[in-house]
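A.B. asks: Here is a sequence together with a model predicted from it:
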Amino acid sequence: MATRDLQELFGSEDECPTPCVTFLPPFPHRDRILEAFPHLVPMDSGLGKTEFLRWVNFTLEHPDEIWEAEEVLDCKVYHYLNFVGDPKKPPVFVVEARRQDELTEVTDYTLIIQESDLEQIRSGDLVYCLAQEWERERLVRSLNEKALMKYDEDCLDEAKELIGRAVLLSGSGNAYLFNNRGLIHWKMGKTDAAKQDFAESIRLDESNGDPCFNLGLIYFDECDYSRALRYLRRAVEISPVDSQFLTELGHLYLELEREEEALELFGEALEHNPDDAQVDFHLANYFLYKKNKPRKAVRYYYKGLSKEPEDQFALADLAVAQWMLGNLGEALRIRQIFEQLPKLMPYAMSRLVYLSMEMGDYEGALQYYHRALKQKEPFEPQWLHYNAALVFAKSGRPKQAMDTLDLAVRAGGETVIKRALSDKALEQITGTPAFKKLIKLPSKRGKR
C-alpha cells in the first residue's frame, strides 16, 4: 500500500520528524512503552520509533479497524489500527495513510497508550472493522448451514431463500455459497440457474473442484459429453485423489466407449478410497449393461453393498442381474426387501417395473408404474412409460399399450421409436395407423 520507502522516510533518525501534518499524537517515550508492555525487555538501542517500523506493513495488511479522518488538501486520511492486546483498549499501533488520485502513501505511525488519544482517533468514520466482518461471516455461515439443512429436508424454496440472503450479506459473494445455491437450483430442476451459479463459483475460486464436478454432471445428464468431459477433467486436475471425481470421469469415459481409460480411473479411485462403494457399483453396471456379464456384475454389486447396504440403485440392479442369471429366488428376495421399504427412489421404481414385467407379474409392474408417476421427477420417464406399454401389450390391453407408448415417444423421441420397432412384443401396436401417425411427431417438432 505504501508508495514511499518507509525505511528511507522514517529510519534516518531514531526520532525522525513526521514528513507532514499528522492527526497522530507523538510517539511515546520508552518509559511509557515499558509501562504498557511490562514483559518487554529493553533493547540496547532503546525503544524509539524506528524499532516499531516493522509493525507498519503488518498493520496495513491485517488491520483490526480502519477509520477515515478529515480531508486535508483533497487527500483522504485513513488510520489503520492494530490492537496489541484488548480489542477495545490501548495499547494500539496506528498507521496514518493518505489517498489522492488512487495513490496511497504512509505519512506517519505511532503507538497509542492513552485512552483519550484512542478516542480521538476513533472519532471519524469507521470504514472497516474486523470484529464486524467476523460477525457478518458467522451470520453468513449460519444461513448457509440452515439452507443446507432445508435442502436435505427437500424444503427447497426455504433453502433458496436462506442461501439468497447469505449471498447478499456476503457482499462480493463467496464461492461456496454459489456452489451450494447451484445445488439447490439443480434439485429444483432449474438447471440453467444452477449452471450460472456453478460458473460463478468457479470464477470466484478456481482451486475448488466441486463446482466443476457439479457442472460436469449437469452436462453429462444432458448428454453434452464434450462440455461434461471438460469440467469433469478439470475437477480431477484440481483434486486428483478424489475418488468421486475419478469415478464419474470414468463413468463418462464408458459412455464414450473409452473403456481402457475408464477402468484405469476406476482403479485409481479404489486405490485412493477402497471404501468408496460407487466405484464397485459403476464397475458392476459396466459389466451388466455394457459387457453383458451379469455374473461378474453380481460380484461387484455385493462388494459395493457390503459398504453401502442401503443403496437402492445398486440393489435394484442386483435384482436385474440375478434374474438374468436365472436366480429367480434371489431376485424375488430382493424385490421383497423393496416392498418393506417406506420410501422408494425413482430409479428403484423404474427397475421394479421392468423386473416385475420380466417375471410375468404384470399387475405388480403396473402398481410400481403408477407409484412412480406420483413422484415429482420419475427416473427416465421415456423408459418407464415404455416398460408399462410392454406390460399392457403382453397382458392383452392394446389401447392402454398405445396410449402409454405415446407418452414414451413424446418423452424419448427417435430412440424410443427405434426400440419399439424392433421389439416383438409390440408388433401388433407398431403396425397400426395410430403408431405410424405417432412416428411423425418427433420430426414435426424438429422442423418447428
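C.D. replies: Yep, that arrived.
A.B. asks: Tell me the secondary structure at Ala69.
C.D. replies: strand (DSSP: H, G, I helix; E, B strand; the rest coil).
A.B. asks: Start and end of stretch 77-90, how far apart?
C.D. replies: In stretch 77-90, first residue to last residue: 21 Å (Cα to Cα, to the nearest Å).
A.B. asks: Other residues contacting the longest helix anywhere in the chain?
C.D. replies: Ranked by residue count, the top helix of the chain under DSSP state H comes out as helix 130-152. With Cβ atoms under 8 Å, 6 or more residues apart in numbering as the test, helix 130-152 has contacts from 63-65, 87, 156, 158-160, 162-163, 165-166, 169-170, 174, 176-177, 180, 183-184, 187. Where you see a C-beta, it was placed from the backbone N, CA and C, and this is true even at glycine.
A.B. asks: Which ones among those residues map onto strands?
C.D. replies: Those of those mapping onto strands are Glu65, per DSSP state E.
A.B. asks: returning to what we had before: what residues sit buried inside the longest helix of the chain?
C.D. replies: In terms of neighbour count (16 or more other Cβ atoms under 10 Å), helix 130-152 has its buried residues at 130, 140, 143-144, 146-148, 150-151.
A.B. asks: for stretch 224-234, same thing?
C.D. replies: So, applying 16+ other Cβ under 10 Å, buried residues of stretch 224-234: 228-229, 231-232, 234.
A.B. asks: so which pair among the residues you listed is furthest apart in space?
C.D. replies: Spatial extent of the buried residues of stretch 224-234 (Cβ to Cβ) is set by the pair Ala228 and Arg234 at 10.8 Å.
A.B. asks: list residues touching both of these two?
C.D. replies: Gly216.
A.B. asks: what about the closest residue to Arg234 other than its chain neighbours, neighbour count?
C.D. replies: Leaving aside its sequence neighbours, Arg234 sits nearest to Cys212 (Cβ to Cβ, 6 or more residues apart in numbering; 4.5 Å). For Cys212, the count of nearby residues is 26 (other Cβ atoms under 10 Å).
A.B. asks: One more: Val241?
C.D. replies: 12.
A.B. asks: Next: Ser207.
C.D. replies: 8.
A.B. asks: tell me which residues of stretch 373-380 are tucked away?
C.D. replies: Those would be 378-379, for stretch 373-380 by 16+ other Cβ under 10 Å.
A.B. asks: CA atoms only for it - export them in CSV, please.
C.D. replies: C-alpha atoms of stretch 373-380 as CSV (Å, rounded to 0.1, in the frame of the first residue of the first chain):
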residue,chain,number,x,y,z
LEU,A,373,-45.9,-41.5,-11.8
LYS,A,374,-46.8,-39.8,-8.5
GLN,A,375,-43.2,-38.7,-7.9
LYS,A,376,-42.1,-35.2,-8.9
GLU,A,377,-39.3,-36.5,-11.1
PRO,A,378,-39.7,-40.1,-12.3
PHE,A,379,-36.4,-41.7,-13.5
GLU,A,380,-36.1,-41.7,-17.3
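A.B. asks: Could you pull up the mean pLDDT of the helix or strand hosting Tyr300?
C.D. replies: Using DSSP states H and E, Tyr300 maps to helix 294-305. For helix 294-305, mean pLDDT rounds to 94.
A.B. asks: What's the first helix or strand after that helix?
C.D. replies: helix 312-324.
A.B. asks: so for that next one, what's the average pLDDT?
C.D. replies: pLDDT averaged over helix 312-324 gives 93.
A.B. asks: Show me what secondary structure element comes after it.
C.D. replies: Following helix 312-324 in sequence, per DSSP H and E, is helix 328-339.
A.B. asks: export that following helix as PDB, just CAs?
C.D. replies: What follows is helix 328-339 as a C-alpha-only set of coordinates in PDB (Å, rounded to 0.1, in the frame of the first residue of the first chain):
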ATOM      1  CA  LEU A 328     -35.400 -66.300  -9.500                       C
ATOM      2  CA  GLY A 329     -35.400 -66.900  -5.800                       C
ATOM      3  CA  GLU A 330     -32.700 -64.300  -5.200                       C
ATOM      4  CA  ALA A 331     -34.500 -61.700  -7.400                       C
ATOM      5  CA  LEU A 332     -37.700 -62.300  -5.500                       C
ATOM      6  CA  ARG A 333     -36.000 -61.900  -2.200                       C
ATOM      7  CA  ILE A 334     -34.600 -58.500  -3.300                       C
ATOM      8  CA  ARG A 335     -38.000 -57.400  -4.500                       C
ATOM      9  CA  GLN A 336     -39.400 -58.300  -1.100                       C
ATOM     10  CA  ILE A 337     -36.800 -56.000   0.500                       C
ATOM     11  CA  PHE A 338     -38.100 -53.200  -1.600                       C
ATOM     12  CA  GLU A 339     -41.700 -53.900  -0.600                       C
END
